[in-house]
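Visitor: Show me the folded form of this:
(one chain, ligands or ions: 1)
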Amino acid sequence: MIDYAPYAVSDATSRGRVIVEPRPKARSEFQRDRDRIVHSTAFRRLEYKTQVFVNHEGDLFRTRLTHSIEVAQIARTVARALNLNDDLTEAVALAHDLGHTPFGHAGQDALNACMKAQGGFEHNLQSLRTVDRLEERYGAFDGLNLMYETREGILKHCSPKRARELGELGERFLKDKRPSLEAQICNLADEVAYNNHDVDDGLRSGLISVEQLEEVSLFARHIAGVRRDFPEIAGRRMISETIRRMIDVQVTDLLAESARGIAEANVNTLDDVHQSPPLIGFSAPMAEENRALKTFLRNNLYHHYEVLRMTNKARRVVTDLFGAFMAEIRLLPLQYQRMADVDKARAIADYIAGMTDRYAIREHRRLFAVGEI
Ligand code: MG
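Guide: Sure, this is the predicted structure:
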C-alpha cells in the first residue's frame, strides 16, 4: 500500500460504495473506480463529443476524450507530487466530463433551456447521474457503484435545492465544506488543460493568431523566451514549445502554492481538509495571468463568429430533437420509452445528453430531413 499524506483519501478512511462489494484482489478501491470509468460506454462516447471544435472539423483538435486524458495527466502529476491519492484523482479527472451533451457548452445551454420547467439540465450533475444510474454494465446494480469520494469529486457544484435531494453527497454544499484535495486538484487541472489546449487548437484553426495572443502576458512571456532560446524556431514547433512552458509554469506554481497552503492551514486529517478553505490553487499573480488568458479566449475564440455559427446550429439540433421527442414519445428508442414512463422530460434529456455530435446530427436528419429514412 502506498503511504499517502495523512489528509489524503484512502481505502481505509473512505466512506465506501452504496452497494457493498468484496475488496478488489490486486487493485486499490480507487484503481477499480478508474477502471470502471475507462470501461464505461459514456467514456468511449467522449471521443466523438466536442470540446470547442466539432469533431468532424479536423482530426487534430481536442475532443472531450483527449481533453479528459490531458486533465488526468496533469491532475495525477500534482496529486503524486503532493503525496495524495493519485488513483482517486485520476478517476475523478477521467469522469469529470462524462455528462457533457454533444456540441459542448452550446448543447448544454440548449438542453438546459429545454428542461427549464423540469429543474434544468447541468452537465456536472449529469456526469454523476451517468456513473450513479445510467450505465448498464453490472448484474447487481445500475451505474458503476463508485466510491463515495469519486462521486463527491465528480459533483463540482450544485444548487441548494439539488443538494438537499442528493442527501449525504449534497451535504457539503449546504454546510459550506470543501471536497477532498484530490477533487480540488481536478478542478484546477481542468482549467490548466483547457486554457492551454484551447490556445493550441485556436491557433491551429486560424481563428486566433500569435500576434493577438501576445496581448496575453503568460503567452507573451513564454514565446519571447522560446524565441530567445531558439532563434531559428517557427511554426507549430514554436507554439508547442511555448505551450509546454506555459503548462509547466502553471503546474509548478500550483504545486508550490498548494503545498504552502496545506502547510499553513495545518491540516492533519481529511476532516481538516473539509473544514478548511480551498487549499489547492495558484499564487495571486498566476491566478491573475490565468484570468487574463481565460478572458482572451472567451472574447476571441469562444465568441468568434465562426464558432458562434457552429454553436447556433448545435443549439438548433438539440432543441429540435427535444421538441420532437416531447411531442411524440414513441420516437424514442424503447429503453428510453420505458424510462419515460417515470419521467418523460428527464428520459429525453438522458437520451440527448448521451449522444455524440455525429449521432445527434444523424438523428436530426432521420427525424427532420424529408426524403431520408
Ligand atoms: Mg473539462
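Visitor: What segments of the stretch 51-200 of the chain are helices?
Guide: Remark: helices assigned in the stretch 51-200 of the chain by DSSP state H, counting those that start in this stretch are 64-81, 86-95, 104-114, 123-129, 148-154, 160-165, 171-174, 181-205.
Visitor: Comparing the ones you listed, which comes out most buried?
Guide: Among the helices of the stretch 51-200 of the chain, helix 86-95 has the highest mean neighbour count (mean count of other C-beta atoms under 10 Å), at a mean of 30. Where you see a C-beta, it was placed from the backbone N, CA and C, and this is true even at glycine.
Visitor: For the helices of the stretch 51-200 of the chain, which has the smallest mean pLDDT value?
Guide: For the helices of the stretch 51-200 of the chain, mean pLDDT drops lowest on helix 160-165, to a mean of 88.
Visitor: Ok, which of the helices of the stretch 51-200 of the chain comes nearest the ion?
Guide: helix 181-205 (4.4 Å; C-beta to the ion).
Visitor: Could you pull up the residues touching residue 42?
Guide: Shown in contact with residue 42 (C-beta atoms under 8 Å, 6 or more residues apart in numbering): 98-99, 130-131, 134-135, 354.
Visitor: Closest one of those to residue 27?
Guide: The closest of the contacts of residue 42 to residue 27 turns out to be residue 131 (C-beta to C-beta; 17.7 Å).
Visitor: how about the nearest residue to the closest one, chain neighbours excluded?
Guide: residue 144 (4.7 Å; C-beta to C-beta, 6 or more residues apart in numbering).
Visitor: ok, now residue 318?
Guide: residue 110 (3.9 Å).
Visitor: That neighbour is in contact with residue 321, isn't it?
Guide: No - at 9.4 Å, residue 110 does not count as touching residue 321 under the criterion of C-beta atoms under 8 Å.
Visitor: that older thread, OK, contacts around the residue nearest to residue 131?
Guide: Residues counted as contacts of residue 144 (C-beta under 8 Å, 6+ apart) are 33, 36-37, 40, 131-132, 135, 137-138.
Visitor: List just the nearest of those residues to the ion.
Guide: Of all those, the ion sits closest to residue 37, with 14.2 Å by C-beta to the ion.
Visitor: Name the SS class of that closest one, please.
Guide: Going by DSSP: H, G, I helix; E, B strand; the rest coil, the secondary structure assigned to residue 37 is helix.
Visitor: Kindly report the same for residue 278.
Guide: Three-state call for residue 278 (three-state DSSP): coil.
Visitor: Kindly provide the distance from it to residue 331.
Guide: Counting by C-beta to C-beta, to the nearest Å, the separation of residue 278 from residue 331 is 45 Å.
Visitor: now residue 180
Guide: Taking C-beta to C-beta, one finds residue 180 at 43 Å from residue 331.
Visitor: For these two, indicate the residue with more neighbours.
Guide: residue 180 (24 against 16; other C-beta atoms under 10 Å).
Visitor: now that one: how far from residue 133?
Guide: From residue 180 across to residue 133, the span is 23 Å (C-beta to C-beta).
Visitor: Check residue 305 and give its pLDDT.
Guide: As predicted, residue 305 sits at a pLDDT of 89.
Visitor: Now restrict the contacts of residue 144 to buried residues only.
Guide: 33, 36-37, 40, 131-132, 135 (16 or more other C-beta atoms under 10 Å).
Visitor: Reformat those residues as TSV; add distance to residue 266 and pLDDT.
Guide: Formatted as TSV, the buried ones among the contacts of residue 144 follow (distance: C-beta to C-beta, whole Å; pLDDT from 0 to 100):
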residue	distance to residue 266	pLDDT
33	30	98
36	36	98
37	34	98
40	39	98
131	34	98
132	35	97
135	40	96
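Visitor: Adding distance to the ion, write the residues you listed out as a markdown table.
Guide: Formatted as a markdown table, the buried ones among the contacts of residue 144 follow (distance: C-beta to the ion, whole Å):
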| residue | distance to the ion |
| --- | --- |
| 33 | 18 |
| 36 | 19 |
| 37 | 14 |
| 40 | 17 |
| 131 | 15 |
| 132 | 19 |
| 135 | 19 |
